[in-house]
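Engineer: here is my input; please provide its structure:
(one chain, ligands or ions: 1)
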Amino acid sequence: MGELPYSSLDFAGAAQEPVQRILIVDDEARLRDSYRELLAGRAEIVECADGREAMARLDSDTFDVVLLDIRLPDISGLAVLQWARQRAISAIVIMVSADPDIDSAIDALRGGAGEFVRKPCDPELLLRAVERALQRRRLERSHALLAARLEQSERLHRFLVEQAPDIIYTLDEAGRFVFVNGRVESLLGFCREELVGQPYTELVHEEDRERARYAFAERRTGGRASANVEIRLRCKNDDVVHVDNRFIVAMLSATGIYETEMPRDALRFMGTYGIARDITERKRAEEKISFQAFHDLLTQLPNRVLFRDRLALALSQAARRATLLGVMFIDLDRFKTVNDSFGHAEGDQLLKTVAQRLKHCLRAGDTLARLGGDEFTVMLPDLLHADDVVGVAEKIAQELGAPLMLGGQEFRPTASIGIAVFPRDGETVEALIAHADLAMYQVKNAGKNSFGFYSPHMSEARRERLSLENDLQLAIERREFVLHYQPQFSQRSGQMIGMEALLRWQHPRLGLLAPGGFIALAEETGLICRISDWVLQEGCRQLALWHADGHRHLRLALNLSARDFERKDLLERVVAAPARHGIGCDRLEIEITESLLLDDAEDVIATVRQLRQHGVRVAIDDFGMRYSSLNYLRRFPVSSIKIDQSFVRDLGRDQGAASIIHAIVGIAEGFGLHLIAEGVESEEQARRLADLGCEDMQGYYFGRPLPADEVLEWATP
Ligand SMILES: Nc1nc2c(ncn2[C@@H]2O[C@H](COP(=O)(O)O[C@H]3[C@@H](O)[C@H](n4cnc5c(=O)[nH]c(N)nc54)O[C@@H]3COP(=O)(O)O)[C@@H](O)[C@H]2O)c(=O)[nH]1
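Structural biologist: Numbers count the residues shown, from 1 in each chain. Predicted structure coming up:
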């Protein structure tokens, strides 16, 4: 940016007229006196008596008028005049001469004198000559001031136009550049000479020409001039850094130019002038903000908002054209495990790869979006048959399953995909997404890594589930949970050795619910931790009562879920419960499933160890049911194993069951673990178990799970 060309002239407008000055040059003092008297009050008077003194005065000072005698004692007045003109001294010289010859007057006027007055001077004439000269000087000065101001003003305007941050231009009536300021060079890379005479279309992006025409051909003036027309202007050089290096986005406003001399009704249109402001950066920022508002930043895919918007549009088209449209809800399987095991950076990488793979499976008109987390949605418009979605789902399953490396290990992503088809499964955005989500949920529950269509009964099940979830939230406060207790017996001593606490929910509408009806839901919603706290407290409270009643040998087994082991304070909570009711920790047995141990997570191992160190017994429930690896028995210091009911049930029917129980008895002995069989329903089963070496048992044969007061009654000798 250059410096603003201001000078004192710009601020001199209000200054007063300076006092005018007259130099009287004559060797006769008498004449000088009479001149002074005559001119008094008209100007400031300075006198001198010879030519040299006059020259010295004129050299050092400024005068408006010089009254110069032609005949001086040292040099002639004409020589002084010549000297003054050579020096470009601006004072007006009035030559005074006693010479009657006309030639001296001609010489004086030729030599640059402004006036000639003959001696002896007629005071009237002399006064008029001096007045005229002073007046001329005043005019000259004001003209000079005006000219300087004009020049200054022009320089200022030129400066403002050239230094303006915008392109400023004028066009002729045919739309050709007449003037364009220097900004065009830095913004577009054109020098103005290249543009002058060229039509404005040279600069405008092809697609914007129609819109630009209105602004560039603007004929209106003043406040009605066109404004804020957004167009793209072409850059000449690639090194001009802008949107795509080839165009800038400009906001254009223009006004018509008319010949001012003409009468108003006959105004002649001469062209337009306008301003083009570079708004590329602003547009870029706006585009970025709008992209962020409608896209997922990790995968760059459309987000929920944009997906819903596109779906709404596609649905109205599908309804008009009577075509089918598919919506897929895709949820990655095991994503949480990936995040927990490999960290969030690897999790993000997986999501990006999945997004790429999903994209490959789709057509140009389809929309893939990431709703958040590991959830993606797909919109498939213009389907001929609902089953067309199957092909896409199969392709997705295949593409997705290709191996990739995560944290140095090979991983094959899989997904659960729910499908809803318009109009069969829903006619609104909300319904289709919700139904595809429901279908996905069913696929997840049915074992993941597959796809499935929505069916209306899912909605009913979902509603039921939601209602159950709401009720579950309130069940603790409403004291709707109860514990039933099932005795555990020693076959050898015939003694009751303990109780297993089994949770029941006295549901206000559905009646007494067994855990199978709500534990999974409690685990999913995280409510299980609060429920487990209640079970621990209630179980220990009851055991303390039994101990107080003389059954001090009784132990209490209770079940914890895998989610309880995610709590950092599980150990403290378990240990605190018996302590609070005055029971030893060794009277408490926590039942956990094999699957929890198989995850082999270090913190689960640590918690089991610490529980054991505090004396709490830990039993593996449903032992032998699913996994054959016994490795975990070496790592986990459990105290008991519980033979799964299915083996007990098959005893007598299937020789294999007896062999497995025999093997489990061997394992228990080998690892020094207490062994108990569950699900014993008959005397025969009890006898065979005892024969195989399993002496402690639990099952309907000995007693069903009952409320505390009933089981105590029953168990009291
Ligand atoms: N996290 C928690 N889980 C709990 C809690 N209470 C129970 N559970 C889990 O629910 C599973 C099912 O329990 P339930 O419906 O109570 O079934 C138990 C017994 O009623 C049943 N049983 C007992 N004897 C017999 C029999 O002779 N035959 C037969 N068919 N069933 C019998 O078996 C279940 C005992 O299960 P186990 O724990 O494996 O000993 C239950 O398995 C728990 O996982 C809780 O408070 N928290």
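
Engineer: run through this structure and note the low-pLDDT ranges.
Structural biologist: Applying pLDDT under 70 to the chain flags the ranges 1-16, 220-227, 237-245, 261-266, 598-601, 625-631, 712-717.

Engineer: give me the domain ranges for it.
Structural biologist: Annotated domains of the chain cover 21-150, 164-286, 295-454, 469-714 [automatic domain parsing].

Engineer: tabulate those domains (CSV), appending distance to Leu156.
Structural biologist: The C-beta positions use only the backbone N, C-alpha and C, and glycine is treated the same way. Formatted as CSV, the domains of the chain follow (distance: least, CB to CB, whole Å):
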stretch, distance to Leu156
domain 21-150, 10
domain 164-286, 13
domain 295-454, 49
domain 469-714, 73
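
Engineer: save those as JSON lines, and put in mean neighbour count too.
Structural biologist: JSON lines is the format used below for these (neighbours: other CB atoms under 10 Å):
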{"stretch": "domain 21-150", "mean neighbour count": "17"}
{"stretch": "domain 164-286", "mean neighbour count": "17"}
{"stretch": "domain 295-454", "mean neighbour count": "18"}
{"stretch": "domain 469-714", "mean neighbour count": "17"}
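
Engineer: between the ones you listed, which one is nearest to the ligand?
Structural biologist: In terms of CB to the nearest ligand atom, the element of the domains of the chain nearest to the ligand is domain 469-714, at 3.3 Å.

Engineer: picking that back up, okay, the domains of the chain in TSV with distance to the ligand next?
Structural biologist: Output for the domains of the chain, formatted as TSV (distance: least, CB to the nearest ligand atom, whole Å):
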stretch	distance to the ligand
domain 21-150	95
domain 164-286	54
domain 295-454	18
domain 469-714	3
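
Engineer: minimum distance to Glu460: which of those has it?
Structural biologist: Closest to Glu460 of these, according to CB to CB: domain 295-454, at 10.3 Å.

Engineer: surely Arg653 is within a helix?
Structural biologist: No. Looking at Arg653 with DSSP: H, G, I helix; E, B strand; the rest coil, it is coil, so not inside a helix.

Engineer: and Leu512, what element?
Structural biologist: strand 511-513 (DSSP states H and E).

Engineer: tell me the helices in the stretch 101-250 of the chain, going along the chain?
Structural biologist: Ranges of helices in the stretch 101-250 of the chain, per DSSP state H, counting those that start in this stretch, are 102-110, 123-163, 183-188, 192-195, 209-216.

Engineer: against which helices or strands is the first one packed?
Structural biologist: Translated: helix 102-110. Applying 3 or more CB pairs under 8 Å, 6 or more residues apart in numbering; DSSP states H and E, one finds that helix 102-110 contacts helix 77-86, strand 92-97, strand 115-118.

Engineer: and Arg57, what does it touch?
Structural biologist: Listed by CB atoms under 8 Å, 6 or more residues apart in numbering, the contact set of Arg57 reads Leu23, Val46, Cys48, Phe63.

Engineer: next, the distance between the ends of stretch 196-215.
Structural biologist: End-to-end distance of stretch 196-215 (CA to CA, to the nearest Å): 18 Å.

Engineer: mind jotting down where the strands sit in the stretch 451-600 of the chain?
Structural biologist: All strands of the stretch 451-600 of the chain, identified by DSSP state E, counting those that start in this stretch, fall at 481-490, 496-507, 511-513, 555-559, 588-593.

Engineer: and the longest one, what does it pack against?
Structural biologist: Yep, that's strand 496-507 we're talking about. Using 3+ CB pairs under 8 Å, 6+ apart, the elements in contact with strand 496-507 are helix 456-475, strand 481-490, strand 511-513, helix 528-548, strand 555-559.

Engineer: rerun that using 7 Å as the cut-off
Structural biologist: With contacts taken as 3 or more CB pairs under 7 Å, 6 or more residues apart in numbering; DSSP states H and E, strand 496-507 sits against strand 481-490, strand 511-513, helix 528-548, strand 555-559.

Engineer: so what touches the strand or helix carrying Ala319?
Structural biologist: Here Ala319 is covered by helix 304-321, with elements defined by DSSP H and E. Applying CB atoms under 7 Å, 6 or more residues apart in numbering, the contact partners of helix 304-321 are Phe294, His295, Pro302, Leu325, Thr367, Ala369, Leu371, Thr377, Met379, Pro381, Phe422, Val429.

Engineer: the residue nearest the centre of the chain and Ile528, how far apart?
Structural biologist: The centre of the chain sits closest to Gln292, judged by CA atoms, centre = their mean, with a distance of 4.6 Å. Distance, Gln292 to Ile528, by CB to CB, to the nearest Å: 38 Å.

Engineer: ends of stretch 289-304, what's the gap?
Structural biologist: In stretch 289-304, first residue to last residue: 16 Å (CA to CA).

Engineer: how far does stretch 313-324 sit from its chain's centre?
Structural biologist: Relative to the chain's own centre, stretch 313-324 is displaced by 32 Å; criterion: CA atoms, centre = their mean, to the nearest Å.

Engineer: still on that earlier bit, same list (the helices and strands packed on strand 496-507) but as CSV, adding distance to Ala355.
Structural biologist: CSV is the format used below for the helices and strands packed on strand 496-507 (distance: least, CB to CB, whole Å):
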stretch, distance to Ala355
strand 481-490, 44
strand 511-513, 42
helix 528-548, 33
strand 555-559, 41
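
Engineer: between those, which one is closest to Arg587.
Structural biologist: For the helices and strands packed on strand 496-507, the distance to Arg587 is smallest for strand 555-559, at 5.3 Å, taking CB to CB.

Engineer: next, the angle from the closest one to helix 528-548.
Structural biologist: Strand 555-559 and helix 528-548 are oriented at 170 degrees to each other (axes from the mean of the first three to the mean of the last three CA atoms, to 10 degrees).

Engineer: dump strand 555-559 to CSV, keeping only the CA atoms.
Structural biologist: The C-alpha trace of strand 555-559 is given here as CSV (Å, rounded to 0.1, in the frame of the first residue of the first chain):
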residue,chain,number,x,y,z
ARG,A,555,-22.1,-70.0,52.2
LEU,A,556,-23.8,-67.7,49.7
ALA,A,557,-23.1,-68.0,45.9
LEU,A,558,-24.2,-65.1,43.7
ASN,A,559,-23.8,-64.2,40.1
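
Engineer: and for that strand, what's in contact with it?
Structural biologist: Contacts for strand 555-559 (CB under 7 Å, 6+ apart): 497-501, 535-536, 539, 543, 587-591, 619.

Engineer: wait, which of these is closest to Arg687?
Structural biologist: Nearest to Arg687 out of the contacts of strand 555-559 is Ile497 (CB to CB; 18.5 Å).

Engineer: that closest one and Phe489, how far apart?
Structural biologist: Distance from Ile497 to Phe489, by CB to CB: 7 Å.

Engineer: overlap of the contact sets of those two?
Structural biologist: The contact sets of Ile497 and Phe489 overlap at Asp696 (CB under 7 Å, 6+ apart).

Engineer: re earlier: could you export the strands of the stretch 451-600 of the chain as TSV, including distance to Leu252?
Structural biologist: Formatted as TSV, the strands of the stretch 451-600 of the chain follow (distance: least, CB to CB, whole Å):
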stretch	distance to Leu252
strand 481-490	73
strand 496-507	71
strand 511-513	72
strand 555-559	75
strand 588-593	72
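
Engineer: of all these, which one is nearest Val390?
Structural biologist: Nearest of the strands of the stretch 451-600 of the chain (CB to CB): strand 588-593, 36.1 Å.

Engineer: tell me the gap between that closest one and the middle of its chain.
Structural biologist: Averaging C-alpha positions (CA atoms, centre = their mean) puts strand 588-593 48 Å from its chain's average.

Engineer: now what about that strand, what contacts it?
Structural biologist: Strand 588-593 has contacts (CB under 7 Å, 6+ apart) with 555-560, 574, 578, 611, 616-622, 640, 642.

Engineer: how about the contacts of Arg57, which pair is most distant?
Structural biologist: Cys48 and Phe63 (11.0 Å).

Engineer: overlap of the contact sets of those two?
Structural biologist: Residues touching both Cys48 and Phe63 by CB under 7 Å, 6+ apart: Leu23.

Engineer: separation between Met270 and Val184?
Structural biologist: Per CB to CB, Met270 is found 21 Å from Val184.
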